[in-house]
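Trainee: return a 3D structure for these sequence lines:
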Amino acid sequence: MQNQSFVTEFVLLGLSQNLNVQKILFVVFLFVYIATIGGNTLIVITILSNPALLGSPMYFFLAFLAFLDACYSSVFTPKMIVDFLYERKTISFESCMIQIFAEHFFSGTELIILTAMAYDRYVAICKPLHYSSIMNRRFCGILMRVAWTAGFLHSMTQILFIFQLPFCGPNVIDHFLCDLHPLLELACTDTHIFGFFAVANSGFFCIITFSLLLVSYAIILFSLRTHSSEGRRKALSTCGSHITVVVLFFVPCMFVYTRPPSTFSSDKMVAVVYTILTPLFNPLIYTFRNKEVKNAMKKVWKRLVVVSDGK
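Mentor: Presented below is the predicted three-dimensional model:
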């Protein structure tokens, strides 16, 4: 079926129609975006410049997660920040499709990486004697390729659904980004079947993966009974950080994508959490209680200070 769209652009209503509020939001989200990119970039540089950390699967995946968070945030936030300066906010049809593709590509890839990180913790805690043989470099590379491939296939499936839909007006989206549900409501055709596919592709994907992660962490917590108090403390610290990130990522995902295509007034606030705040919080959560990363960051920071002083 060929797309018979007459719409060449969409009008975004954004987070607020009040110009004074938009000026405040411009400053707030500009600061959030700078902090997000700075925090995640610092994690990537810290791990890549430290052979000891880079050789650990946990930190290898953490560096990749930080890179994905920086990319994921960049899909939406710069456009939203610039839009705060304009009364009329528009996005071309092509840019809208690119935004949807990039959103699902990076989020799908991140979903697999979070699963890989949970498996890494499971092997480290439940099978410590076999950890180095199981989580070897070759296997980590395979998990990385699986993550990229899964993210690509997931996003391609979503974008192919959207391209089948005709858009002939209206073209106003009550959101600050292009997303599946608002677009399905604007389509000039019955979208019940497409809505079912969207839920099956994104919603069930989130639910199944989240359930697997919960089961894996239940097994990990159960196995900690046989560990020493120091071992339990260290394991719980690492797992607690990961569980927090998983909840921040999956709960909004399930709220948005496990229901029939419809838009709620709360959708924009939920979208702010998973598109803007989660990529900001992830580096803070992972480094706040991690002495190894914090010490490595201090060394990187000292090197940067020495280099800047030398100039």
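
Trainee: what segments of the protein are helices?
Mentor: Remark: helices assigned in the chain by DSSP state H are 19-48, 51-54, 57-83, 93-126, 131-134, 137-163, 180-186, 192-198, 204-223, 229-257, 267-272, 278-288, 291-310.

Trainee: what's the longest one packed up against?
Mentor: So the one you mean is helix 93-126. Counting contacts by 3 or more CB pairs under 8 Å, 6 or more residues apart in numbering; DSSP states H and E, helix 93-126 packs against strand 9-12, helix 57-83, helix 131-134, helix 137-163, helix 180-186, helix 204-223, helix 229-257. In this view, the C-beta of every residue, glycine as well, is placed from N, C-alpha and C.

Trainee: T115: which of the ones you listed is closest?
Mentor: Ranking those by proximity to T115 (CB to CB) places helix 204-223 first, at 5.9 Å.

Trainee: what angle separates the closest one from helix 137-163?
Mentor: 150 degrees (axes from the mean of the first three to the mean of the last three CA atoms, to 10 degrees).

Trainee: with just CA atoms, put helix 204-223 into CSV.
Mentor: Provided in CSV are the C-alpha atoms of helix 204-223 (Å, rounded to 0.1, in the frame of the first residue of the first chain):
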residue,chain,number,x,y,z
PHE,A,204,4.8,-6.5,24.6
PHE,A,205,8.5,-6.1,23.9
CYS,A,206,8.7,-3.9,27.0
ILE,A,207,6.6,-6.2,29.2
ILE,A,208,8.4,-9.4,28.3
THR,A,209,11.8,-7.9,28.8
PHE,A,210,10.9,-6.2,32.0
SER,A,211,9.4,-9.4,33.3
LEU,A,212,12.6,-11.3,32.5
LEU,A,213,14.7,-8.6,34.2
LEU,A,214,12.5,-8.9,37.3
VAL,A,215,12.9,-12.7,37.4
SER,A,216,16.7,-12.4,36.9
TYR,A,217,17.1,-10.0,39.8
ALA,A,218,14.8,-12.1,42.0
ILE,A,219,17.2,-15.0,41.4
ILE,A,220,20.2,-12.8,42.1
LEU,A,221,18.7,-11.5,45.4
PHE,A,222,17.8,-15.1,46.4
SER,A,223,21.4,-16.3,45.7
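
Trainee: now do the buried residues in that helix.
Mentor: Within helix 204-223, the residues that count as buried by 16 or more other CB atoms under 10 Å are 205-207, 209-210, 213, 216-217, 220.
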